[in-house]
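**Q** the following comprises the amino acid sequence and a computationally predicted model.
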Amino acid sequence: MRRATNAILAVVLAGVTAAGLAASAGVEKHDPLRGPVRIDEATRPLPLATTENKDVKRTRSYPMQPPTIPHSIDNYQIDRFANRCVMCHSRAKAAESQATPISVTHYTDRDGNFLADIAPRRYFCDTCHVVQTEARLELTVPNTFEDAETVVRRTQGQGKPPLKKK
């Protein structure tokens, strides 16, 4: 019985393998994450984009979107021991540094209680706020995102609003 089962299994596997080889004959397959590079070859990573450092506030694309960071945060310490962002953006330092003060929402805990310091769940700024980069257009992912204002105008028959400069 065991020999018969092994024989049937061998025939089935041979058929599946042969069918798979026949279907892929002449077709070059590749992993979409690696690109057309063979599995035994090393890939070259894409170059990192340069961080924008313009200190210009950008408009937000949707309500409650966290503001983007308009400057480089390379070598900023943001961990459980220190938060470099607070040195300029805390309510006490914002007037002196001319930085945007941290929102009052960041001083409330999950129960709605106001705290004297930043709430622990809002302490790690780069969880929500991201730095903008000057990525080359050919390296970006195509995007068809429309902000809420554009969608509302289109549904009301007013067409697309003029593009805002960022």
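**A** Received the coordinates, thanks. Predicted model only: the values in this text are computed from it and were never measured.
**Q** where do the strands sit along this structure?
**A** 50-51, 133-134 (DSSP state E).
**Q** any idea how this protein splits into domains?
**A** Here the domain parsing of the chain from automatic domain parsing is 48-70+131-160, 73-129.
**Q** avg pLDDT for the longest one?
**A** Model confidence over domain 73-129 averages 93 on the pLDDT scale.
**Q** what distance separates the start and the end of it?
**A** Counting by Cα to Cα, to the nearest Å, you get 11 Å between the two ends of domain 73-129.
**Q** what about the helices in this protein?
**A** 2-24, 86-89, 94-97, 148-155 (DSSP state H).
**Q** could you tell me the least trusted of those helices?
**A** Of all the helices of the chain, the minimum mean pLDDT falls on helix 2-24 (a mean of 55).
**Q** can you tell me how far the residue nearest to the spatial centre of the chain sits from residue 154?
**A** In the chain, the residue lying closest to the centroid (Cα atoms, centre = their mean) is residue 130, at 8.3 Å. Residue 130 sits 28 Å away from residue 154, taking Cβ to Cβ, to the nearest Å as the criterion. No exception for glycine: its C-beta is placed from N, CA and C like everyone else's.
**Q** pretty sure the residue nearest to the centre of the chain contacts residue 70?
**A** No: the criterion here is Cβ atoms under 8 Å, and residue 130 misses it with residue 70 at 10.9 Å.
**Q** much appreciated, bye for now.
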